[in-house]
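> structure, please.
(2 chains)
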There are 2 protein chains.
Amino acid sequence: MSLQKLHDSILQGDRIALGKAITLAESKLPEHQSEVEELLEAVMPFCGKSIRIGITGIPGVGKSTFIESFGNYLIKEENRKIAVLAVDPSSSISKGSILGDKTRMENLSKNENAFIRASPSTGTLGGVSSGTRETILLCEAAGFDTIFIETVGVGQSETAVYSMVDFMLLLLLPGAGDELQGMKRGIVELADLIAINKSDGDNLQKAKIAQAAYRQALHLFPAKENDWQPEVVLCSSLSGEGIDLIWNKIKSYEIFSKDNNSFFEKRKRQNVHWMKEILFKLVFEKYSQNPDLKAQLTNKEKLVAAGKMSVLKAARELMENIN
Amino acid sequence: MSLQKLHDSILQGDRIALGKAITLAESKLPEHQSEVEELLEAVMPFCGKSIRIGITGIPGVGKSTFIESFGNYLIKEENRKIAVLAVDPSSSISKGSILGDKTRMENLSKNENAFIRASPSTGTLGGVSSGTRETILLCEAAGFDTIFIETVGVGQSETAVYSMVDFMLLLLLPGAGDELQGMKRGIVELADLIAINKSDGDNLQKAKIAQAAYRQALHLFPAKENDWQPEVVLCSSLSGEGIDLIWNKIKSYEIFSKDNNSFFEKRKRQNVHWMKEILFKLVFEKYSQNPDLKAQLTNKEKLVAAGKMSVLKAARELMENIN
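Next up, the predicted model:
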């Protein structure tokens, strides 16, 4: 498919073309990278019009069931078009689950107003999947107005996702024992909304206790830069209870942050940050081709492997001897 | 404290000196970095004699209770000296828990044969805490012969930890529902031993079922490069059941991998990998100082923030216009 055809098909919302373009964006081949650059430059006027929502939480919190339920609600009740992206290898929609659960997001994946994609995170810099930001833009160009970016809530990928989204939703489980201990400040600080999932049936009482505990905990955090007040809500992907409330909170956030301009300022900062990351990668790729470096690298590798030189010294000497 | 004094005190096992040296290793100041380099060069003959054990598992699996139990056992029964390091913000021994659990590893932290330290993971490259490898070497120089490196088992930090340790222990919970789905191939593939923690009381039956399931699952994985066969064992940090078995497996691994030389080959590869990582960082730091780049960066930042140029194009043009 020519680049022009790919461009036209994406703008028409053709999901096969979208899939192909994303594959290009994830590729490391220089020719693919320049094609993606050209493509993104061309579709730029059609990008940026979605709301980008990060969804995070530990394994078992029910992220994929939640996304299925939330996504179907938004398509049916709010006439939205949903793209779901996963950014790390442990995300529930990525491949590789031991017990390969075939029913994950079964309804959503069949819906013509939904698009689901797992990005590989191999070869990333600082936890950022190369290709995820490009994928967001491509999905927007294809007409998806609601982008979910799913990640596992216990590591560095949150910070990476935070640098890509407008809004962070943290899913937690009812009951505040082990999980509260495992869940760290850093993750909670990033959240714009906390939803206690599986708040149904026998869990409801525990969920209310957890809600009170997290509300208390939120008071311990400094105010958000944009003055937004994160809240703690209950929801059930099973019964659908609370799903509409979560959407209302996200809509409120959008209005609030566009009113005080923080929505747009955040996106600007994110773009500058992204540019520096790519530059970082390009710089190293260029340096790696330096013939002086290549020759000395082999020598230093031998010394380091044999324990005859410390790693720090070897790296510094390599750096000093090349131009 | 002079560098010479620091050096002497560390070799005498002085933990205050050790703590100071680790703080230097975690520092980003160039003068501290060169001090650490000098220090590590000097203590190098005394390093590398420990067994380095990565311990991973999701929040709630009981990592800190396990480490407390395992550590105390090794000190009492095996006369070992234990250093416990955490490498990511979600590790249970790092700071920042919402409910700040003061009892974590209380006994172990008071024991004179144990040393516990959480490394910040901010400013890392590809999930590697800058300073953790240096910290391992410093702990070895101070006489610790068993190094635990704790991480949360669901993200990129596993790969980083894998590149620092001799042996990876994966802790899992009894019951194979949500967790099996959340736990991904990538993490299991890294494990040299799987231990199902909390295998006591009412959990015992569930634990045995999970053990059988994981044993089955392990058959699906390709053989390890060094021919080691990972096993699945049961343990209880509470009763101490299985703790000695885990140590026996680790000892067997050490003998096995030293016999076939894979132990030493792995460490060599790890050092070369580490050297390249540092080089990566140094290269970028040097480039960031380039005056051409600095001037153009400001200009490109404006274009990108204003949405007048795509990020990919801006980064590439920056790269092309500098030498």
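
> all contacts plus neighbour counts: C-alpha atoms, from now on.
Noted.

> stretch A:294-312 close to chain B?
Yes: on the criterion CA under 8 Å from any CA of the partner chain, stretch A:294-312 is in touch with chain B at A:301, A:304, A:305, A:306, A:309, A:310, A:311, A:312.

> which of those fall in helices?
A:301, A:304, A:305, A:311, A:312 (DSSP state H).

> hang on, the earlier thing: need the residues of stretch A:294-312 next to chain B in TSV with pLDDT and neighbour count, can you?
TSV is the format used below for the residues of stretch A:294-312 next to chain B (pLDDT from 0 to 100; neighbours: other CA atoms under 10 Å in any protein chain shown):
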residue	pLDDT	neighbour count
A:301	90	22
A:304	88	23
A:305	85	21
A:306	82	14
A:309	86	16
A:310	86	21
A:311	88	28
A:312	87	22
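
> I'd like these as CSV, with distance to residue B:66 appended.
As requested, those are exported to CSV (distance: CA to CA, whole Å):
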residue, distance to residue B:66
A:301, 37
A:304, 35
A:305, 33
A:306, 35
A:309, 36
A:310, 33
A:311, 32
A:312, 33
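
> now, which of these sits nearest residue B:27?
In terms of CA to CA, no member of those lies closer to residue B:27 than residue A:312, at 14.0 Å.

> residue ranges with poor pLDDT in chain A?
A:87-104, A:119-130, A:152-158, A:176-186, A:322-323 (pLDDT under 70).

> ok, residue A:197 - contacts?
By CA atoms under 8 Å, 6 or more residues apart in numbering or on different chains, the contact set of residue A:197 is A:61, A:62, A:66, A:171, A:172, A:173, A:174, A:234, A:235, A:236, A:237.

> for residue B:149, see how far away it is.
Here the criterion is CA to CA, to the nearest Å. By it, residue A:197 lies 32 Å from residue B:149.

> tell me where the stretch 201-323 of chain A has helices.
Using DSSP state H, counting those that start in this stretch, the helices of the stretch 201-323 of chain A run over residues A:204-219, A:243-259, A:262-288, A:291-305, A:311-321.

> list the buried ones in the shortest one?
Buried positions in helix A:311-321, judged by neighbour count with 16 or more other CA atoms under 10 Å in any protein chain shown: A:311, A:312, A:313, A:314, A:315, A:316, A:318, A:319.

> can you list contacts of the helix or strand that residue A:16 is a member of?
Assessed by DSSP states H and E, residue A:16 sits inside helix A:15-26. Here helix A:15-26 makes contact (CA under 8 Å, 6+ apart) with A:6, A:9-10, A:32-33, A:35-36, A:115, A:119-120, A:130-132, A:134-135, A:138-139, A:142.

> of those residues, select the buried ones using a PyMOL command.
In PyMOL syntax, the buried subset of the contacts of helix A:15-26 is picked out as below (16+ other CA under 10 Å):
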select buried, chain A and resi 6+9+10+32+33+36+115+119+120+130+131+132+134+135+138+139+142
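
> so which of the contacts of helix A:15-26 belong to strands?
residue A:115 (DSSP state E).

> my guess is residue A:262 meets residue A:226, correct?
Yes: between residue A:262 and residue A:226 there is a contact at 6.1 Å, judged by CA atoms under 8 Å.

> settle it for me: which of these two has more neighbours?
Under the criterion of other CA atoms under 10 Å in any protein chain shown, the comparison of residue A:262 against residue A:226 puts residue A:262 first, with 18 against 13.

> list the contacts for the more buried one?
Applying CA under 8 Å, 6+ apart to residue A:262 gives the contacts residue A:226.

> quick check: the gap between it and residue A:246.
For residue A:262, the distance to residue A:246 - CA to CA - is 20 Å.

> can you name the residues that contact residue A:296?
residue A:318.

> from chain B, how far out is it?
Computed as CA to the nearest CA, to the nearest Å, the residue A:296 to chain B distance reads 12 Å.

> tell me how far the spatially closest residue to residue A:174 that is not a sequence neighbour lies from residue A:235.
Leaving aside its chain neighbours, residue A:174 sits nearest to residue A:207 (4.2 Å; criterion: CA to CA, 6 or more residues apart in numbering or on different chains). Using CA to CA, residue A:207 is found at 9 Å from residue A:235.

> so what sits against both of these two?
A:196, A:199.

> which pair of the residues of stretch A:294-312 next to chain B spans the longest distance?
Every pair of the residues of stretch A:294-312 next to chain B checked by CA to CA; the farthest is A:306 and A:312, at 14.5 Å.

> part of a strand, is residue A:147?
Yes: Residue A:147 sits within a strand when classified using DSSP: H, G, I helix; E, B strand; the rest coil.

> that one - how many residues pack around it?
Neighbours around residue A:147, by other CA under 10 Å: 26.

> so it touches residue A:136, yeah?
Yes: under the criterion of CA under 8 Å, residue A:147 makes contact with residue A:136 at 7.2 Å.

> disregarding flanking residues, what is the spatial nearest neighbour of residue A:165?
residue A:52 is the one closest to residue A:165 (CA to CA, 6+ apart), at 4.8 Å.

> and the helix or strand where that neighbour lies, which strands flank it?
Using DSSP H and E, residue A:52 sits within strand A:51-57. Under the criterion DSSP bridges, strand A:51-57 sits next to strand A:146-152 (parallel), strand A:167-172 (parallel) in its sheet.

> send me that strand as PDB with only the CA atoms.
Only the C-alpha atoms of strand A:51-57 are listed here, as PDB (Å, rounded to 0.1, in the frame of the first residue of the first chain):
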ATOM      1  CA  ILE A  51      -9.300  12.500  25.200                       C
ATOM      2  CA  ARG A  52      -6.400  10.300  26.100                       C
ATOM      3  CA  ILE A  53      -7.000   8.200  29.300                       C
ATOM      4  CA  GLY A  54      -4.400   6.100  31.100                       C
ATOM      5  CA  ILE A  55      -5.800   3.100  33.000                       C
ATOM      6  CA  THR A  56      -3.600   1.500  35.500                       C
ATOM      7  CA  GLY A  57      -3.900  -1.100  38.300                       C
END
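
> buried ones in it?
Residues A:51, A:52, A:53, A:54, A:55, A:56, A:57 are the ones in strand A:51-57 that count as buried (16+ other CA under 10 Å).

> next helix or strand past that strand?
Assigned by DSSP H and E, the successor of strand A:51-57 is helix A:63-78.

> in that following helix, what counts as buried?
Buried residues in helix A:63-78 (16+ other CA under 10 Å): A:63-75.

> can you check what angle separates that helix from strand A:51-57?
Per axes from the mean of the first three to the mean of the last three CA atoms, to 10 degrees, the angle that helix A:63-78 makes with strand A:51-57 is 150 degrees.
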